[in-house]
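S.K.: Can you look at this prediction? I've put the sequence above it.
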Amino acid sequence: MESEFLRLRGSLEGYPDLVRAEIDGLTLEQMAYASQEPPWARWAIDLQVRHIALVTPVWLFLRAEETLRRRGYVFPESGPAVADLVRAGGRHIPPELAPDRRALLAFLRPWADLCCQIMDREGEEGLRSMEFSYYTDPEWVRPGDPKRPVEYHRIAARLHPSGFREDPQRSGLFHLQMEAVLLHIFWNVLAHLRTVQRLKMAQGLAPVLALPREGYLTLPEFYD
């Protein structure tokens, strides 16, 4: 039976191909479909994919950079541009960094490869020994988002069996192990891919993939 470690590695290596498969053949009009209600439909498929492209660099470069650099890891060259974008409030890879669908899908690959490099070099025990802390203001609200960022992290802390917990003494401070972070990256990809599927179904289009019901997708609000 395949170990959870190997399964996760395969999932991280393959997530660019999952994204590609789910959006392959969609027209520009279909990629641009969005709706104000329900709230999950406010970002079009194009924006969902541009956000997926942001997930891995945000976690590995913005939040775990110091931890990874100490171990000698080298980041994809897009890291600094992503950092500037996020610090300015951006939540999607913009056309300036990925002008079309092909470039956007290509943007995913080096970050997926970095995930695999970390897993291959560290192994299970090494990943658990890589710890760092991340703070998000509990009162922070993002325009148009029905949840505060800290609420998403608290949901994640309940879903992760270990390695992702909020400090009991300081609200908004989360203590993380790299193993949980890599799993969390994949859960984020799945959640936004499911939203892509829901946006397709709203247009009368059938989903392509049978996504695993894990992480956020175990919760009806992220799946149904």
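M.R.: Sure, I can see it.

S.K.: so where's this protein shaky on pLDDT?
M.R.: 1-2 (pLDDT under 70).

S.K.: tell me what the longest helix seen in it is packed against?
M.R.: For the chain, the helix reaching the highest residue count under DSSP state H is reported as helix 101-129. Secondary-structure packing of helix 101-129 (3 or more CB pairs under 8 Å, 6 or more residues apart in numbering; DSSP states H and E): helix 4-23, helix 45-57, strand 173-177, helix 178-202. C-betas here are computed from N, CA, C, even on glycine.

S.K.: In JSON lines, list these along with distance to Val141.
M.R.: As requested, the helices and strands packed on helix 101-129 are exported to JSON lines (distance: least, CB to CB, whole Å):
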{"stretch": "helix 4-23", "distance to Val141": "28"}
{"stretch": "helix 45-57", "distance to Val141": "18"}
{"stretch": "strand 173-177", "distance to Val141": "18"}
{"stretch": "helix 178-202", "distance to Val141": "20"}
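
S.K.: mind checking the SS state of the residue sitting furthest away from the middle of the chain?
M.R.: Distance from the C-alpha centroid of the chain, by CA atoms, centre = their mean, peaks at Gln169 (27.3 Å). Following DSSP: H, G, I helix; E, B strand; the rest coil, we place Gln169 in the coil state.

S.K.: circling back to that earlier point, out of the helices and strands packed on helix 101-129, which gets nearest to Pro149?
M.R.: Nearest to Pro149 among the helices and strands packed on helix 101-129 is strand 173-177; the distance by CB to CB comes to 10.8 Å.

S.K.: Given that closest one, what are its sheet partners and their directions?
M.R.: Paired neighbours of strand 173-177 in the sheet (DSSP bridges): strand 131-135 (antiparallel), strand 164-166 (antiparallel).

S.K.: Can you tell me what sits against the first one?
M.R.: The one in question is strand 131-135. Here strand 131-135 makes contact (CB atoms under 8 Å, 6 or more residues apart in numbering) with 63-64, 66-67, 167, 170, 172-178.

S.K.: switch to 10 Å and redo it
M.R.: Here strand 131-135 makes contact (CB atoms under 10 Å, 6 or more residues apart in numbering) with 59, 62-68, 150, 153, 163-164, 167, 170-178, 180-181.

S.K.: same thing with stretch 146-161?
M.R.: Contacts of stretch 146-161 (CB under 10 Å, 6+ apart): 38-40, 42, 134-142, 145, 163-166, 171-172, 174-177, 179-181, 183-184, 187-188, 191, 214-219, 221-222.
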